[in-house]
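Novice: The following block contains a protein sequence and its predicted model.
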Amino acid sequence: MTVQKTPITELRNVCKTFPRPSGEPLAVLDGINLSLRDGEILGLVGRSGSGKSTLLRIAAGLTEPTSGEVLYQGGSLKGPAEGIAVVFQTFALFPWLTVLENAELGLDALGVSRDEARRRAIEAIDLIGLDGFESAYPRELSGGMRQRVGFARAFVLQPTVLLMDEPFSALDVLTSETLRTDFLDLWTQHQLPTKSVLLVTHNIEEAVFMCDRVLVLSSHPGRIAAEISVTLPHPRNRFDAAFHEIVDDLYSILTARAIESVKAQIQPHGGSVYPLPALGINRIVGFMESLAGSPYKGKADLSIIARSLSLATKDVLPIADVLHILAFADLKDGSIALTAAGQIFARAGTDQRKQLFKEHLLRFVPFVAHVQQVLDERQDHAAPRIRFKSELEDHLSAADSERTLQTIIRWGRYAELFSYDDEKRIFSLNGAT
């Protein structure tokens, strides 16, 4: 497919902030410049919290930028526009409507006649491979079929631009692969009315499999950190060396940006506060054991070990981040290597692991040491949850604060640093009354 250079949608120096509970602005997107060209699928990849979905909603006219400009077909975009359709991660179907009625729904607001709406809906249903299911209700459909209805509902609008927010992530591996391939077949055979596609995804391999260009967003705030062109012809072979080379390049960029992001977040807060992913101990330990064992012997490319453990990008990168933060592993150029402490941890028994984790937690996650110090200094060795939540919210968004505190609770319990009573919402030192 020949890619035209004409931009259909443009974002010019777009910034987006949200207010913190303190009233101070929290920057989510900063200085975004993006052009969506005629005839291309453009991918957006990045970590959770990088602002991918916010950017997509701005491009759709569903959210206004705090500053900057959004252009659609040469004119300023103010609110939702005809010719832009969105496919969301969740199916978002009305359970009391049939497949046909769900597909027709978006045409009501456009004033399309009933006969024309019915004709277009049936064509879209046939196009996406759901013919014969027009009278079925969502409860009768599998997850993959429900997402196909979501695509049909978008196609019926005959959009110039199709925006997709992780449309395959809620599906199992085989179903998502089938739907992804079917979509690409329609796209490459020019059976879709759509001129351009913007795909938000956590999945690096998905981005390389589908997209003509991939933009990498850094985090806190989201900025475009890199752009990679994917010139491989369709259909693409996941086992091709050139395919893996691009995947590895994207992993390298994301891991490098992760290290920079952690440093950037630590510096303005005196090293005491930065967001932690929602990650349980079992996933951390299981990954370290796999990395320490054969065939990796403590070092592996992230893309390779992710595939071998059937981990999506959104799952493996937070684990790698945490091991780097805790000094159990080093990240460099898309690879991960256990440190000496990481090697000891992977071979140790339960009690030794707890002790080692405790030492690293207190040393490398300063807010955990702060929690322990507060509990130690109080006469009853207890403190309300809201005290620590409020402190986190002085620096982080409400969502990041909640996620970080939940992670601190899990890790603190494992390390036997403190206890937490969820009913009373109270932290206390182990053994304190």
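Specialist: Done, it's in.

Novice: Out of the helices and strands in the protein, which is least certain?
Specialist: Every helix and strand in the chain was compared by mean pLDDT, DSSP states H and E; the lowest is helix 241-266, with a mean of 74.

Novice: Next secondary structure after it?
Specialist: Per DSSP states H and E, helix 241-266 leads on to helix 281-292 as the next helix or strand towards the C-terminus.

Novice: That following helix - contacts with which helices or strands?
Specialist: When contacts are defined as 3 or more CB pairs under 8 Å, 6 or more residues apart in numbering; DSSP states H and E, helix 281-292 packs onto helix 302-308, helix 313-325, strand 335-338, helix 340-347, helix 398-414. Quick note: C-beta positions are derived from backbone N, CA and C, even for glycine.

Novice: Tell me which of those approaches residue 361 most closely.
Specialist: helix 398-414 (5.8 Å; CB to CB).

Novice: elements contacting the helix or strand just after that closest one?
Specialist: Under the assignment DSSP H and E, the closest C-terminal helix or strand after helix 398-414 is strand 418-421. Applying 3+ CB pairs under 8 Å, 6+ apart, one finds that strand 418-421 contacts helix 366-377, helix 398-414, strand 426-429.

Novice: what pairs with strand 418-421, and is each one parallel or antiparallel?
Specialist: Within its sheet, strand 418-421 is paired with strand 426-429 (antiparallel), according to DSSP bridges.

Novice: I would like the residues contacting the strand it pairs with, please.
Specialist: 371-372, 375-376, 380-385, 388, 418-421 (CB atoms under 8 Å, 6 or more residues apart in numbering).

Novice: so which of the residues you listed comes closest to residue 40?
Specialist: residue 388 (46.4 Å).

Novice: Which secondary structure element is home to that closest one?
Specialist: With DSSP H and E as the test, residue 388 turns up in helix 385-393.

Novice: got the angle for that helix vs helix 398-414?
Specialist: Angle of helix 385-393 versus helix 398-414, following axes from the mean of the first three to the mean of the last three CA atoms, to 10 degrees, is 120 degrees.

Novice: and helix 385-393, what does it pack onto?
Specialist: Under the contact criterion of 3+ CB pairs under 8 Å, 6+ apart, helix 385-393 touches helix 366-377, helix 398-414, strand 426-429.

Novice: Tell me the secondary structure at the closest residue to residue 77 other than its chain neighbours.
Specialist: Excluding the flanking residues, the one nearest residue 77 by CB to CB, 6 or more residues apart in numbering is residue 70, at 4.3 Å. Classification of residue 70 using DSSP: H, G, I helix; E, B strand; the rest coil returns strand.

Novice: Can you name the residues that contact residue 70?
Specialist: Listed by CB under 8 Å, 6+ apart, the contact partners of residue 70 are 9-12, 14, 58-59, 61, 76-77.

Novice: Repeat the analysis, applying 10 Å as the threshold.
Specialist: By CB atoms under 10 Å, 6 or more residues apart in numbering, the residues touching residue 70 are 9-12, 14, 32, 34, 58-61, 63-64, 76-78, 81.

Novice: Do you know the pLDDT at residue 425?
Specialist: The score at residue 425 is 93. That number is its pLDDT.

Novice: any idea how far it is from residue 405?
Specialist: Distance of residue 425 to residue 405, computed by CB to CB, to the nearest Å: 11 Å.

Novice: swap in residue 190?
Specialist: Distance of residue 190 to residue 405, computed by CB to CB: 50 Å.

Novice: Mind checking which of the two has more residues around it?
Specialist: Comparing residue 190 with residue 405 by other CB atoms under 10 Å, the one with more neighbours is residue 405, at 22 against 10.

Novice: My guess is residue 362 contacts residue 372. True?
Specialist: Yes: using CB atoms under 10 Å, residue 362 is in contact with residue 372, at 6.9 Å.

Novice: Return every residue with contacts to both of those two.
Specialist: 412, 415, 417.

Novice: What is the nearest of those residues to residue 324?
Specialist: residue 415 (18.3 Å).

Novice: who's in contact with the closest one?
Specialist: Contact analysis of residue 415 by CB under 10 Å, 6+ apart lists 281, 353-362, 368, 372.

Novice: Nearest to residue 297 among the helices and strands packed on helix 385-393 would be which one?
Specialist: helix 398-414 (26.1 Å).

Novice: follow-up on the earlier one: list just the one of the helices and strands packed on helix 385-393 that sits closest to residue 310.
Specialist: The nearest among those, by CB to CB, is helix 398-414 at 23.0 Å.

Novice: buried set for that closest one?
Specialist: For helix 398-414, the neighbour count (16 or more other CB atoms under 10 Å) marks 400-401, 403-405, 407-412, 414 as buried.
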